[in-house]
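*Asks:* got a structure for you, letters missing:
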(Lines give C-alpha, C1' and ligand atoms only; values in the text may rest on other atoms or scores of the structure.)
Protein backbone atom coordinates (compact mmCIF):
# COMPACT_ATOMS: atom_id res chain seq x y z
CA UNK A 1 0.00 0.00 0.00
CA UNK A 2 1.04 3.62 -0.59
CA UNK A 3 0.89 6.05 2.33
CA UNK A 4 -2.39 7.53 1.02
CA UNK A 5 -3.99 4.08 0.80
CA UNK A 6 -2.87 3.22 4.35
CA UNK A 7 -4.21 6.51 5.70
CA UNK A 8 -7.55 6.03 3.91
CA UNK A 9 -7.98 2.46 5.19
CA UNK A 10 -7.44 3.44 8.84
CA UNK A 11 -9.22 6.81 8.59
CA UNK A 12 -6.35 9.20 9.33
CA UNK A 13 -4.38 11.73 7.27
CA UNK A 14 -1.05 11.12 5.59
CA UNK A 15 0.34 13.88 7.80
CA UNK A 16 -0.69 11.86 10.86
CA UNK A 17 1.06 8.77 9.48
CA UNK A 18 4.27 10.76 8.93
CA UNK A 19 3.98 12.25 12.44
CA UNK A 20 3.72 8.77 13.98
CA UNK A 21 6.81 7.76 12.02
CA UNK A 22 8.64 10.80 13.39
CA UNK A 23 7.54 9.94 16.93
CA UNK A 24 8.76 6.35 16.57
CA UNK A 25 5.27 4.89 17.07
CA UNK A 26 4.85 3.46 13.57
CA UNK A 27 7.77 1.52 12.02
CA UNK A 28 9.10 2.77 8.72
CA UNK A 29 8.23 0.38 5.85
CA UNK A 30 10.54 -0.82 3.14
CA UNK A 31 10.76 1.34 0.04
CA UNK A 32 10.14 0.26 -3.54
CA UNK A 33 12.66 0.81 -6.31
CA UNK A 34 10.96 4.11 -7.13
CA UNK A 35 11.46 5.36 -3.55
CA UNK A 36 7.81 5.07 -2.45
CA UNK A 37 7.05 3.53 0.93
CA UNK A 38 5.46 0.05 0.65
CA UNK A 39 3.11 -0.41 3.62
CA UNK A 40 1.87 -3.85 4.68
CA UNK A 41 -1.10 -5.07 6.69
CA UNK A 42 1.13 -5.01 9.79
CA UNK A 43 1.40 -1.23 9.48
CA UNK A 44 -2.39 -0.93 9.18
CA UNK A 45 -2.90 -3.06 12.32
CA UNK A 46 -0.45 -0.93 14.37
CA UNK A 47 -1.81 2.35 12.99
CA UNK A 48 -5.39 1.31 13.80
CA UNK A 49 -4.38 0.47 17.37
CA UNK A 50 -2.65 3.87 17.76
CA UNK A 51 -5.84 5.55 16.54
CA UNK A 52 -8.00 3.62 19.04
CA UNK A 53 -5.67 4.50 21.92
CA UNK A 54 -5.47 8.21 21.06
CA UNK A 55 -9.28 8.36 20.68
CA UNK A 56 -9.48 7.22 24.32
CA UNK A 57 -7.54 10.37 25.23
CA UNK A 58 -4.07 8.92 25.60
CA UNK A 59 -1.06 11.09 24.89
CA UNK A 60 1.54 9.78 22.47
CA UNK A 61 3.97 9.04 25.33
CA UNK A 62 1.33 6.78 26.93
CA UNK A 63 0.64 5.13 23.57
CA UNK A 64 4.37 4.49 23.23
CA UNK A 65 4.38 2.78 26.66
CA UNK A 66 1.50 0.50 25.63
CA UNK A 67 3.12 -0.42 22.31
CA UNK A 68 6.57 -0.97 23.80
CA UNK A 69 5.44 -3.93 25.99
CA UNK A 70 8.59 -3.55 28.12
CA UNK A 71 7.78 -0.18 29.66
CA UNK A 72 6.73 -1.71 32.97
CA UNK A 73 3.05 -0.87 32.53
CA UNK A 74 0.34 -3.03 31.05
CA UNK A 75 -2.62 -1.63 29.16
CA UNK A 76 -5.03 -1.94 32.08
CA UNK A 77 -2.72 0.10 34.32
CA UNK A 78 -2.30 2.85 31.72
CA UNK A 79 -6.05 3.03 31.05
CA UNK A 80 -6.77 3.14 34.78
CA UNK A 81 -4.44 6.12 35.22
CA UNK A 82 -6.16 7.84 32.29
CA UNK A 83 -9.57 7.17 33.84
CA UNK A 84 -8.52 8.81 37.10
CA UNK A 85 -7.35 11.87 35.18
CA UNK A 86 -10.56 12.08 33.12
CA UNK A 87 -12.60 11.95 36.34
CA UNK A 88 -11.23 15.40 37.19
CA UNK A 89 -12.26 16.94 33.86
CA UNK A 90 -15.52 18.49 32.60
CA UNK A 91 -18.80 16.91 31.48
CA UNK A 92 -17.62 16.84 27.85
CA UNK A 93 -15.46 13.78 28.52
CA UNK A 94 -17.97 11.73 30.53
CA UNK A 95 -18.85 9.63 27.50
CA UNK A 96 -15.18 8.75 27.11
CA UNK A 97 -15.02 7.67 30.74
CA UNK A 98 -18.04 5.40 30.23
CA UNK A 99 -16.27 3.74 27.33
CA UNK A 100 -13.12 3.29 29.38
CA UNK A 101 -15.01 1.64 32.22
CA UNK A 102 -16.67 -0.73 29.78
CA UNK A 103 -13.25 -1.69 28.46
CA UNK A 104 -11.68 -2.13 31.87
CA UNK A 105 -14.59 -4.14 33.24
CA UNK A 106 -15.14 -6.35 30.18
CA UNK A 107 -15.67 -10.00 31.10
CA UNK A 108 -12.43 -11.92 30.69
CA UNK A 109 -10.29 -8.77 30.77
CA UNK A 110 -8.76 -6.84 27.92
CA UNK A 111 -7.72 -8.91 24.90
CA UNK A 112 -4.17 -8.64 23.58
CA UNK A 113 -5.49 -6.70 20.58
CA UNK A 114 -7.25 -4.14 22.81
CA UNK A 115 -8.63 -1.68 23.31
CA UNK A 116 -11.68 -2.90 21.42
CA UNK A 117 -15.41 -2.44 21.94
CA UNK A 118 -17.16 -4.51 24.65
CA UNK A 119 -19.03 -6.42 21.91
CA UNK A 120 -15.84 -7.36 20.08
CA UNK A 121 -14.19 -8.23 23.41
CA UNK A 122 -17.11 -10.61 24.05
CA UNK A 123 -16.55 -12.19 20.63
CA UNK A 124 -12.87 -12.66 21.44
CA UNK A 125 -14.04 -14.36 24.64
CA UNK A 126 -16.14 -16.75 22.55
CA UNK A 127 -13.07 -17.44 20.42
CA UNK A 128 -10.80 -18.04 23.44
CA UNK A 129 -10.93 -21.83 23.09
CA UNK A 130 -10.54 -21.82 19.29
CA UNK A 131 -7.11 -22.92 18.09
CA UNK A 132 -5.25 -21.75 21.19
CA UNK A 133 -1.76 -20.64 20.17
CA UNK A 134 -2.60 -20.62 16.45
CA UNK A 135 -0.82 -17.86 14.48
CA UNK A 136 -3.72 -17.78 12.00
CA UNK A 137 -6.26 -17.35 14.80
CA UNK A 138 -4.19 -14.44 16.16
CA UNK A 139 -4.17 -12.83 12.69
CA UNK A 140 -7.96 -13.14 12.56
CA UNK A 141 -8.35 -11.31 15.85
CA UNK A 142 -6.02 -8.54 14.67
CA UNK A 143 -8.02 -8.23 11.45
CA UNK A 144 -11.29 -7.96 13.40
CA UNK A 145 -9.80 -5.17 15.53
CA UNK A 146 -8.70 -3.40 12.33
CA UNK A 147 -12.18 -3.76 10.79
CA UNK A 148 -13.81 -2.41 13.94
CA UNK A 149 -11.64 0.70 13.67
CA UNK A 150 -12.20 1.29 9.95
CA UNK A 151 -15.60 -0.14 8.95
CA UNK A 152 -18.95 1.62 8.91
CA UNK A 153 -20.98 0.94 12.09
CA UNK A 154 -23.57 -1.07 10.16
CA UNK A 155 -20.91 -3.33 8.59
CA UNK A 156 -19.17 -3.67 11.94
CA UNK A 157 -22.32 -4.72 13.78
CA UNK A 158 -23.29 -7.21 11.07
CA UNK A 159 -19.84 -8.80 11.05
CA UNK A 160 -19.61 -9.20 14.82
CA UNK A 161 -23.15 -10.59 14.95
CA UNK A 162 -22.47 -13.15 12.22
CA UNK A 163 -19.25 -14.30 13.86
CA UNK A 164 -20.80 -14.58 17.34
CA UNK A 165 -23.45 -16.87 15.87
CA UNK A 166 -20.73 -18.86 14.09
CA UNK A 167 -18.93 -19.68 17.35
CA UNK A 168 -22.14 -20.50 19.19
CA UNK A 169 -21.75 -24.30 19.32
CA UNK A 170 -19.03 -26.85 20.18
CA UNK A 171 -19.30 -28.25 16.64
CA UNK A 172 -18.59 -24.84 15.11
CA UNK A 173 -15.64 -24.29 17.42
CA UNK A 174 -14.23 -27.71 16.45
CA UNK A 175 -14.57 -26.88 12.72
CA UNK A 176 -12.88 -23.52 13.16
CA UNK A 177 -10.03 -25.09 15.15
CA UNK A 178 -9.45 -27.63 12.37
CA UNK A 179 -9.42 -24.90 9.70
CA UNK A 180 -6.88 -22.84 11.64
CA UNK A 181 -4.74 -25.97 12.00
CA UNK A 182 -4.89 -26.66 8.25
CA UNK A 183 -3.88 -23.08 7.46
CA UNK A 184 -1.09 -23.05 10.05
CA UNK A 185 0.42 -26.14 8.43
CA UNK A 186 0.72 -24.22 5.15
CA UNK A 187 3.14 -21.67 6.61
CA UNK A 188 6.13 -23.22 4.82
CA UNK A 189 4.28 -24.97 1.99
CA UNK A 190 4.32 -24.34 -1.73
CA UNK A 191 1.15 -22.80 -3.22
CA UNK A 192 0.84 -25.91 -5.41
CA UNK A 193 0.72 -28.20 -2.36
CA UNK A 194 -2.44 -30.39 -2.45
CA UNK A 195 -3.19 -29.34 1.13
CA UNK A 196 -3.95 -25.84 -0.16
CA UNK A 197 -7.12 -27.08 -1.85
CA UNK A 198 -8.11 -29.05 1.26
CA UNK A 199 -7.69 -25.95 3.43
CA UNK A 200 -9.61 -23.79 0.92
CA UNK A 201 -12.65 -26.08 0.90
CA UNK A 202 -12.57 -26.45 4.70
CA UNK A 203 -12.38 -22.66 5.11
CA UNK A 204 -15.21 -22.09 2.64
CA UNK A 205 -17.38 -24.62 4.48
CA UNK A 206 -16.58 -23.04 7.84
CA UNK A 207 -17.29 -19.39 6.97
CA UNK A 208 -20.84 -18.37 7.95
CA UNK A 209 -23.43 -16.96 5.55
CA UNK A 210 -23.39 -13.17 5.36
CA UNK A 211 -19.67 -12.86 6.03
CA UNK A 212 -18.68 -11.86 2.48
CA UNK A 213 -18.98 -8.14 1.70
CA UNK A 214 -21.44 -6.85 -0.86
CA UNK A 215 -20.01 -6.53 -4.40
CA UNK A 216 -17.74 -3.52 -4.62
CA UNK A 217 -17.38 -3.16 -0.82
CA UNK A 218 -13.90 -3.43 0.70
CA UNK A 219 -12.31 -4.22 -2.68
CA UNK A 220 -9.50 -1.61 -2.61
CA UNK A 221 -6.64 -3.15 -4.57
CA UNK A 222 -3.92 -1.72 -2.34
CA UNK A 223 -5.54 -3.09 0.79
CA UNK A 224 -6.17 -6.51 -0.78
CA UNK A 225 -2.53 -6.74 -1.88
CA UNK A 226 -1.40 -5.93 1.65
CA UNK A 227 -3.94 -8.39 3.08
CA UNK A 228 -2.66 -11.34 1.05
CA UNK A 229 0.98 -10.29 1.49
CA UNK A 230 0.55 -10.72 5.25
CA UNK A 231 0.21 -14.50 4.80
CA UNK A 232 2.62 -17.15 3.59
CA UNK A 233 2.13 -17.82 -0.16
CA UNK A 234 0.30 -21.13 0.35
CA UNK A 235 -1.95 -19.63 3.03
CA UNK A 236 -2.82 -16.68 0.78
CA UNK A 237 -3.65 -19.05 -2.07
CA UNK A 238 -5.93 -21.12 0.19
CA UNK A 239 -7.81 -17.97 1.24
CA UNK A 240 -8.15 -16.82 -2.40
CA UNK A 241 -9.56 -20.21 -3.40
CA UNK A 242 -11.99 -20.18 -0.49
CA UNK A 243 -13.25 -16.74 -1.53
CA UNK A 244 -13.71 -17.97 -5.10
CA UNK A 245 -15.61 -21.04 -3.88
CA UNK A 246 -17.96 -18.89 -1.81
CA UNK A 247 -18.47 -16.37 -4.61
CA UNK A 248 -19.24 -19.11 -7.13
CA UNK A 249 -21.65 -20.74 -4.68
CA UNK A 250 -23.49 -17.46 -4.13
CA UNK A 251 -23.70 -16.89 -7.90
CA UNK A 252 -25.10 -20.37 -8.49
CA UNK A 253 -27.64 -19.84 -5.72
CA UNK A 254 -28.79 -16.54 -7.22
CA UNK A 255 -29.09 -18.08 -10.71
CA UNK A 256 -31.14 -20.96 -9.32
CA UNK A 257 -33.78 -18.66 -7.83
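*Replies:* Arrived safely. Values in this document were obtained by computation on a predicted structure and should not be read as measured data.

*Asks:* From here on, just use CA atoms for contacts and neighbour counts.
*Replies:* OK.

*Asks:* Show me where the stretch 101-250 of the chain dips below the pLDDT cut-off.
*Replies:* 103, 106-110, 210-220, 250 (pLDDT under 70).

*Asks:* can you give me the strands for it?
*Replies:* Applying DSSP state E, counting those that start in this stretch to the stretch 101-250 of the chain gives no strands.

*Asks:* quick one, helices of it?
*Replies:* 118-126, 135-150, 153-166, 170-184, 194-206, 221-229, 233-255 (DSSP state H, counting those that start in this stretch).

*Asks:* Spatially nearest residue to residue 238 (excluding sequence neighbours)?
*Replies:* Nearest non-adjacent residue to residue 238, counting by Cα to Cα, 6 or more residues apart in numbering: residue 200, 4.6 Å away.

*Asks:* Now for the one you found, how many residues are close by?
*Replies:* 25 (other Cα atoms under 10 Å).

*Asks:* Residue 33 too?
*Replies:* 7.

*Asks:* Could you do the one 3 residues further on as well?
*Replies:* Using other Cα under 10 Å, residue 36 has 13 other residues around it.

*Asks:* So it sits against residue 2, correct?
*Replies:* Yes. Counting by Cα atoms under 8 Å, residue 36 does reach residue 2; the two are 7.2 Å apart.

*Asks:* With distance to residue 80 as new columns, can the helices of the stretch 101-250 of the chain be given to me in TSV?
*Replies:* Formatted as TSV, the helices of the stretch 101-250 of the chain follow (distance: least, Cα to Cα, whole Å):
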stretch	distance to residue 80
helix 118-126	16
helix 135-150	21
helix 153-166	27
helix 170-184	34
helix 194-206	39
helix 221-229	34
helix 233-255	39
